[in-house]
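Student: Everything below, folded, please.
(one chain, ligands or ions: 2)
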Amino acid sequence: MKIALIVPAYNEQEALPVFWQAVEPVLQQENGFQFEYIFVNDGSKDGTFAYLKNLANHNKRVKIISLSRNFGKEAALTAGLAEATQADAVIVMDADLQDPPELIPAFLEKFKEGYEVVYGTRQNRQTDSWLKRMSAKGFYKFYNFISTRPMPENAGDCRLISQRVLQALLTLPERERFMKGLFNWVGFKAASVPFVRQARQAGQTKWNYWWLWNFALEGLTASTTLPLRLWTYFGFSVSLFAFLYALWVAAKKIFFGNPVSGYSSLMVAILFFSGVQLISLGVIGEYLGRTFMEVKQRPLYIIDEKINCH
Ligand code: UDP
Ligand code: MG
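Tutor: Ligands and ions are numbered 1, 2, ... in the order given. I've put the predicted structure just below:
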């Protein structure tokens, strides 16, 4: 059986040699499988592409897709997946060894048992900062609360999917790809393997908190329209309250006259509801933006060069 290892790499010249050293021996020990690597060079500005080219020259099992610029991990992954249509299953892995190579045999074991999706579940998040742990937890809780299709908590990005699942994934046309959500959306029989996520072995992480926050928004708006609907309910509740309040104000006026007061409550109401209106506009804008991006129908990525590919 053919297994393709898909590795997105953006400025990973320090990490890739370590990656190769660690993963190659693991693959050598797996009998009965034929492995190939698909490295996606996501517009790296360092020696990543040069290193990969050298690797591919000496090793025909190493394929490279080099994108014309940095398109982001989700797009890079999609480029890799699109190239893997010959494989029976693909394994998606980061280049920094945060997902330990020992996952590969464990994943293949489950695949042999008949599971079509196998993902790693993080046992603990000790290698993450407190803030990242908390925000991740909050995100999963919130996502699963509002999403139509809940996502397993603490599932890493590292996973194995069968060719059938891959084909299903490639039929999803969206431009803004939240891979974790998409992997989850297509369904199929899934198994999880517990693992401990390591600290990055070399090089730098590509995300910061601002980026992660936007990524989270992306994931939420991609998977549910509940935030839009929320404002309908909120609007109805407020209108009902306003109606009852108006009745009360009218009654007070009729029975007790109208001593002018209530400046502060008026002010609070105006400010509060202006705020609410701006937030709801923002939510609409968020979805409008997404719609705009989808409607443009731009390709997800542009390939500059392919090496050892069909
Ligand atoms: N990556 C990529 N394009 C990007 C950012 C990241 O292909 O624009 C790759 C990166 O090279 C690595 C993986 O995605 O293989 C995960 O990135 P990173 O380790 O920085 O993320 P973290 O593990 O810190 O979440
Ligand atoms: Mg990493």
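
Student: can you list the residues of this structure near ligand 2?
Tutor: Counting by Cβ under 5 Å from the ion, the chain comes close to ligand 2 at 94, 96, 98. From N, CA and C alone the C-beta is placed, and that goes for glycine too.

Student: let's see 8 Å
Tutor: 94, 96, 98, 200, 205-206 (Cβ under 8 Å from the ion).

Student: Identify the residue nearest the geometric centre of this structure.
Tutor: residue 178 (3.8 Å; Cα atoms, centre = their mean).

Student: other SSEs contacting the lengthiest helix in the chain?
Tutor: Determined from DSSP state H, the single longest helix within the chain is helix 263-295. Counting contacts by 3 or more Cβ pairs under 8 Å, 6 or more residues apart in numbering; DSSP states H and E, helix 263-295 packs against helix 209-223, helix 226-256.

Student: could you dump the ones you listed to CSV with mean neighbour count and mean pLDDT?
Tutor: CSV is the format used below for the helices and strands packed on helix 263-295 (neighbours: other Cβ atoms under 10 Å; pLDDT from 0 to 100):
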stretch, mean neighbour count, mean pLDDT
helix 209-223, 15, 80
helix 226-256, 11, 83
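
Student: In TSV: the ones you listed, plus distance to residue 274.
Tutor: Listed next are the helices and strands packed on helix 263-295 as TSV, based on distance: least, Cβ to Cβ, whole Å:
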stretch	distance to residue 274
helix 209-223	23
helix 226-256	13
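
Student: Nearest to residue 10 among those would be which one?
Tutor: Closest to residue 10 of those is helix 209-223 (Cβ to Cβ; 12.7 Å).

Student: tell me the angle that closest one makes with helix 263-295.
Tutor: Here helix 209-223 runs at an angle of 80 degrees relative to helix 263-295 (axes from the mean of the first three to the mean of the last three Cα atoms, to 10 degrees).

Student: how far off helix 226-256 does helix 209-223 point, in degrees?
Tutor: Counting by the same axes, to 10 degrees, helix 209-223 points 90 degrees away from the direction of helix 226-256.

Student: Helix 209-223 close to ligand 1?
Tutor: No. For helix 209-223, no contact with ligand 1 is found by Cβ under 6 Å from any ligand atom; the gap never falls below 8.2 Å.

Student: ok, residues contacting that helix?
Tutor: Applying Cβ atoms under 8 Å, 6 or more residues apart in numbering, the contact partners of helix 209-223 are 131-132, 135, 139, 142-143, 146-149, 174, 176, 178, 180-181, 185, 207, 227, 286-287, 290.

Student: Measure how buried residue 103 is and give me the count.
Tutor: 22 (other Cβ atoms under 10 Å).

Student: For stretch 155-169, buried residues please.
Tutor: Neighbour-count burial for stretch 155-169 flags 155-163, 165-166, 168-169 (criterion: 16 or more other Cβ atoms under 10 Å).

Student: now, among the residues you listed, which is nearest to residue 27?
Tutor: residue 160 (13.5 Å).

Student: Is the closest one bridged to anything, and to what?
Tutor: Taking DSSP bridges as the rule, residue 160 bridges to residue 91, residue 118.

Student: so what's residue 280 closest to, chain neighbours aside?
Tutor: For residue 280, ignoring the flanking residues on the chain, the nearest one in space by Cβ to Cβ, 6 or more residues apart in numbering is residue 231 at 4.3 Å.

Student: Pretty sure residue 283 is one of the things the one you found touches, is it not?
Tutor: Yes. Assessed by Cβ atoms under 8 Å, residue 231 is found in contact with residue 283 at 6.6 Å.

Student: Sounds good, over and out.
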